[in-house]
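J.: curious how this folds, go ahead:
(one chain, ligands or ions: 2)
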Amino acid sequence: PSSRLVLGIETSCDETGAAVLDETGHILGESLHSQKEVHLRTGGIIPTVAQQLHRENLERVVQEALERSAVDPSRLSAVATTVKPGLGPSLGVGLEFSRRFVRRHDKPFIPIHHMEAHALTVRMLRPVAFPFLVLLVSGGHSLLAVARGVNDFLLLGHALDEAPGDTLDKVARRLSLIKHPRCSTLSGGQAIELLAKEGDRTRFPFRTPMGQTYDCCFSFAGLRNQINMTIMKNEAEEGIEQGTLLSCVNDIAASTQHTVASHLAKRTHRAILFCKANGLLPSNSPTVVLSGGVASNEYIRKALTVITDATGLSLLCPPAKFCTDNGVMIAWNGVERLREGKGILPPDVDVSYEPK
Ligand code: KG4
Ligand code: ZN
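T.: Ligands and ions are numbered 1, 2, ... in the order given. This next block holds a predicted model:
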């Protein structure tokens, strides 16, 4: 019972999450409410709708996490909440709730950077020492960084336009995959992964982005344009209207997934070579951590394994439920901060959120 307990709260995007963890990373109780189905029906996240759904669910989600862990708020050592980056209106709900909560229960407050939390989650599951290379790929982010410490990241590359999950979601929407009998409840990325299994990835040889750019940044807008042109051409050839399922959807899905995987793998390869040249990773068991919603894609994982195997690194990827947004990863980040004694604020502090 001497272990300190942290309540984590996540509302940065479309998941309302809360969890109570002890200092060893043991999950005492958690609760998660996903808005994904609602946003799937409207063809994307409408920020005010996301905000409203967080408002409707956050109190209950926190209550459930506390009840399932059988922890009274008085026993908490701190409350950790995502304050950036994310959708402003969504972040605001978590922050407002947390402000009131920490004042009422007189608890320290730990503001959390959502990407830091994604990057550190793996350390909750197994002992991964700093420094390690991390690739975070989700609907909102694409970045490569060297994690040197709990709040010490060297950013090697970021998304110049859209994130890979966003690209997959938009392609899926353009292909009307929601009308596909096997894809009606799946996110864009999941739908593309499923259809790609039966597709020919060589049928549409899309160009891998940024072949001539010698850095570790990502770009997906040009690829999406190539894909859209191909879709239009095939709609014309089949004489069908936009919104009707093309007969070649599986091949488009496979070619899309392959090109996204290839871009991510090539950028990661560059990052590994850069780290090696500059001694940024330990010579003893260097590691790449892969996380974010897109990391649940098996094909992408395999593509990255090819790169890590060839360069003598190991690839670690948390199970899918910890790759996507949740309260557990925020609570874990709070534990890591608490252990280091860094970024812990008094209950009456006036924290504002930073949407970007
Ligand atoms: O991390 P996440 O739950 O939310 C944020 O964006 O922060 O990631 C959601 C994204 C969506 O764009 C979704 O299409 C993508 O992750 N995704 C996938 C897969 N499952 C989810 N992308 C590719 N393959 C998957 N299996
Ligand atoms: Zn996320």
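J.: count of neighbours near Thr208?
T.: 17 (other Cβ atoms under 10 Å). Placement of C-beta: from N, CA and C, glycine included.
J.: need the contact list for it.
T.: Neighbouring residues of Thr208 by Cβ atoms under 8 Å, 6 or more residues apart in numbering: 259, 262-263, 266.
J.: and the residues you listed, which of them are buried?
T.: 259, 262-263, 266 (16 or more other Cβ atoms under 10 Å).
J.: hang on, Val38 in a strand?
T.: No - Val38 is assigned helix when assessed by DSSP: H, G, I helix; E, B strand; the rest coil, not a strand.
J.: what's around it, how many residues?
T.: Val38 has 15 neighbouring residues, counting by other Cβ under 10 Å.
J.: same deal with Glu96?
T.: 16.
J.: check His113 too.
T.: His113, neighbours per other Cβ under 10 Å, totals 18.
J.: ditto for Phe132
T.: 25.
J.: so how far is Val150 from the residue nearest to it when sequence neighbours are not counted?
T.: Spatially, and ignoring its direct neighbours in sequence, Phe132 is nearest to Thr287 (4.3 Å; Cβ to Cβ, 6 or more residues apart in numbering). Using Cβ to Cβ, to the nearest Å, Thr287 is found at 16 Å from Val150.
J.: can you check Ile27 too?
T.: For Ile27, the distance to Val150 - Cβ to Cβ - is 19 Å.
J.: check which residues of the helix or strand hosting Ala19 are buried.
T.: Ala19 belongs to strand 15-22 when assigned by DSSP states H and E. Buried residues in strand 15-22, counted by 16+ other Cβ under 10 Å: 15-22.
J.: so which of these is the closest to ligand 1?
T.: In terms of Cβ to the nearest ligand atom, no member of those lies closer to ligand 1 than Glu15, at 6.6 Å.
J.: dump the residue contacts of that closest one.
T.: Taking Cβ under 8 Å, 6+ apart as the test, what Glu15 contacts is 32-36, 324-326.
J.: pLDDT score for it?
T.: Looking at Glu15, its pLDDT is 94.
J.: repeat for the one 10 residues further on
T.: pLDDT for Gly25: 95.
J.: where do the helices sit along the chain?
T.: Here the chain has its helices, by DSSP state H, at 36-41, 47-69, 88-105, 114-120, 122-125, 164-174, 188-196, 221-238, 249-277, 298-311, 320-323, 327-340.
J.: mean confidence for the first one?
T.: Put plainly, it is helix 36-41. Rounded mean pLDDT across helix 36-41 is 88.
J.: buried set for that helix?
T.: 36, 39-40.
J.: how many neighbours does the spatially closest residue to Leu53 that is not a sequence neighbour have?
T.: Once flanking residues are discounted, Leu53 sits nearest to Gln35: 4.7 Å by Cβ to Cβ, 6+ apart. Residue neighbour count, defined by other Cβ under 10 Å, stands at 20 for Gln35.
J.: same check on Tyr214?
T.: The burial count for Tyr214: 7, using other Cβ under 10 Å.
J.: just give the closest residue to it, not the sequence neighbours.
T.: Tyr214's closest residue in space is Arg270 (Cβ to Cβ, 6+ apart), at 7.5 Å.
J.: pretty sure that neighbour is touching Thr213, no?
T.: No - checked against Cβ atoms under 8 Å, the pair Arg270 and Thr213 is beyond contact range at 9.7 Å.
J.: nearest to ligand 1 among the buried residues of helix 36-41?
T.: Lys36 (7.9 Å).
J.: and that closest one, how far is that from ligand 2?
T.: Taking Cβ to the ion, to the nearest Å as the criterion, Lys36 is separated from ligand 2 by 13 Å.
J.: and that residue, how far from Gly140?
T.: 14 Å.
J.: same check on Leu120?
T.: On the measure of Cβ to Cβ, Leu120 and Gly140 end up 18 Å apart.
J.: tell me which residue lies nearest the centroid of this protein.
T.: Nearest to the mean C-alpha position of the chain, by Cα atoms, centre = their mean, lies Gly292 at 2.7 Å.
J.: please list all residues in contact with the nearest residue to that one once chain neighbours are set aside.
T.: Spatial nearest neighbour of Gly292, excluding adjacent residues (Cβ to Cβ, 6+ apart): Ser138 at 3.6 Å. When contacts are counted by Cβ under 8 Å, 6+ apart, Ser138 is found next to 118, 163, 165, 292-294, 324-325.
J.: picking that back up, tell me which of the buried ones among the contacts of Thr208 is nearest to ligand 2?
T.: In terms of Cβ to the ion, no member of the buried ones among the contacts of Thr208 lies closer to ligand 2 than His263, at 19.7 Å.
J.: report pLDDT for that closest one.
T.: His263 is given a pLDDT of 98.
J.: tell me which residue of the stretch 51-200 of the chain lies closest to ligand 2.
T.: Ser138 (4.7 Å).
J.: a markdown table for the buried residues of helix 36-41, including distance to Ala196?
T.: Converted to a markdown table, these look like this (distance: Cβ to Cβ, whole Å):
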| residue | distance to Ala196 |
| --- | --- |
| Lys36 | 20 |
| His39 | 22 |
| Leu40 | 19 |
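J.: distance of whichever residue of the stretch 51-200 of the chain sits closest to ligand 1 from Gly293?
T.: The minimum distance from the stretch 51-200 of the chain to ligand 1, using Cβ to the nearest ligand atom, falls at Gly189 (2.0 Å). Using Cβ to Cβ, one gets 7 Å for the distance from Gly189 to Gly293.
J.: identify the contacts common to those two.
T.: 139, 165.
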